[in-house]
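J.: sequence and predicted structure are below.
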Amino acid sequence: MSNRDNFSQATKDILAKRTGFKCSFPSCWTTTIGPSDEMESPIDATGMACHIYAAADGKGAKRYKKGMTPEQRKSINNGIWMCYKHGKQIDNDEVRFTADSLHQWKEIAEKRAKIEHELGKSINGDLSLLSLGLAKNTITIDNTTNGFENQLIGDAIIDSNAHFLWGKDLVEHIKIYLIEITRNAFLYGDAKNIKLEIGINKITLIDDGNKYSQHDLLDNPSPRGGVESYTQMMDKYGNKIIAMTERHDNKNHNIISFVNEITQIENISSCTYKVYPAYCKPENSVEINTYESCSDLYILFDKHPSVSDMYQLGGKRSKLASFNKPLVFVLEDTVEYLGQRLQKIFPESRVMHLRR
Ligand SMILES: [Zn+2]
């Protein structure tokens, strides 16, 4: 008798149905059932119920967790529905495919199936799913893996589910930019070790090279991949992402995040300065060195700004200039002309207009 704690047929059926018979692998979402031309079976089923923590100990077991009971191992909580190809893939690699990632894929796949079922159509990059967050992951690129950055960064981004949650084209832009700045950090920044940290709401590339920010890229007299990938990304998605660098403990933290609300920016970075409508009142006394580590200063407007607030802010130009940082003004869900007014008052700055 097998010592594997296999799923019952009923459990497999429920797992399949809860995803709408779709593969849970990020960016796959292949249908795993359909009609067959074979006489013996009218249905062609290509999906499989995979164990998140292995069904049994021993050679080849992936993500085996001691201390689980047989009931826990074969319970629906320990299963994830996959197409055949991706099922085999996750059963072969516990380093890339951690239990935490698989749990998150499952949650996103089931939530997606639920929304698609309710709406009666397929969805992609749906903002209602943003709160589920990316599947957390960290990878390291050092002198042993330098040269494989395309593969390592590309796989990590796919596994995070970012393509689906943030939108495919945006995430492709981000991926290429991350690969370019990784190469730059090794080639020109003298970096020895680079980490790609994927958190629930941001992707951070941390390198131990010389101090750098994306503005150094733009100031480069002979621009190449880094500049092109940055400008293309910001031209197209400048109203949807923050892309900045913070310097901590002699490391550059290149932060990228998809945002659609001002409050998210405060959670992602401390390089923010909140502007209230009563901006001109003197209580805004912020120490300049608060922003020492920041490549940019994000000026966040409180809700309901008016156009005269923009003019008043213009009067505070010298105060803002004293921070000595490129400024990014962030407005949320308001009329177009407020952003245009700001851009006229501060032509050298960037204006982000978030829309939900
Ligand atoms: Zn698949």
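T.: Yes, it's here.

J.: low-confidence ranges, the stretch 201-350 of the chain, go.
T.: Low-confidence segments of the stretch 201-350 of the chain (pLDDT under 70): 277-288.

J.: one more time with 80
T.: For the stretch 201-350 of the chain, the stretches with pLDDT under 80 are 217-223, 276-290, 303.

J.: and Phe148, how close does it get to the ion?
T.: 23 Å (Cβ to the ion, to the nearest Å). C-beta coordinates here come from the backbone N, C-alpha and C atoms, glycine included.

J.: next, that residue: phi, psi?
T.: Main-chain torsions, Phe148, degrees, to the nearest 10: phi -110, psi 20.

J.: then the one 3 residues further on?
T.: When read as degrees, to the nearest 10, the backbone of Gln151 gives phi -60, psi -50.

J.: so it versus the ion, what's the distance?
T.: Distance from Gln151 to the ion, by Cβ to the ion: 19 Å.

J.: how about Phe21?
T.: Counting by Cβ to the ion, the gap from Phe21 to the ion is 12 Å.

J.: what sits closest to that residue if chain neighbours are left out?
T.: Nearest non-adjacent residue to Phe21, counting by Cβ to Cβ, 6 or more residues apart in numbering: Ile33, 4.4 Å away.

J.: next, that neighbour: phi, psi?
T.: Torsion angles, degrees, to the nearest 10, at Ile33: phi -150, psi 150.

J.: let me see the ranges of the strands in the protein.
T.: 33-35, 43-45, 47-51, 79-83, 137-141, 194-198, 203-207, 241-248, 251-258, 272-275, 297-301, 327-332, 350-354 (DSSP state E).

J.: now the terminal residues of stretch 196-206, how far apart.
T.: 6 Å (Cα to Cα, to the nearest Å).

J.: what are the buried residues along it?
T.: Leu196, Glu197, Ile198, Gly199, Asn201, Lys202, Ile203, Thr204, Leu205, Ile206 (16 or more other Cβ atoms under 10 Å).

J.: what's the answer for stretch 109-125, then?
T.: Quick answer for stretch 109-125 (16+ other Cβ under 10 Å): Ala109, Glu110, Arg112, Ala113, Glu116, Gly125.

J.: helices along the stretch 201-350 of the chain, start to end?
T.: For the stretch 201-350 of the chain, applying DSSP state H, counting those that start in this stretch gives helices covering 214-219, 225-237, 262-268, 307-315, 317-321, 336-345.

J.: that older thread, packed most tightly, which of the strands of the chain would that be?
T.: Most buried of the strands of the chain, by mean neighbour count (mean count of other Cβ atoms under 10 Å): strand 79-83, with a mean of 26.

J.: contacts for that strand?
T.: Contacts to strand 79-83, defined as Cβ atoms under 8 Å, 6 or more residues apart in numbering, come from residues 7, 11-12, 15-16, 18-19, 21-25, 28, 30, 32, 46-52, 90, 102, 105-106, 109.

J.: just the buried ones from these?
T.: 7, 11-12, 15-16, 18-19, 21-25, 28, 32, 46-52, 90, 102, 105-106, 109.

J.: that older thread, including pLDDT and distance to the ion, could the buried residues of stretch 109-125 go into a markdown table?
T.: Output for the buried residues of stretch 109-125, formatted as a markdown table (pLDDT from 0 to 100; distance: Cβ to the ion, whole Å):
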| residue | pLDDT | distance to the ion |
| --- | --- | --- |
| Ala109 | 92 | 10 |
| Glu110 | 94 | 15 |
| Arg112 | 88 | 14 |
| Ala113 | 91 | 14 |
| Glu116 | 86 | 16 |
| Gly125 | 65 | 19 |
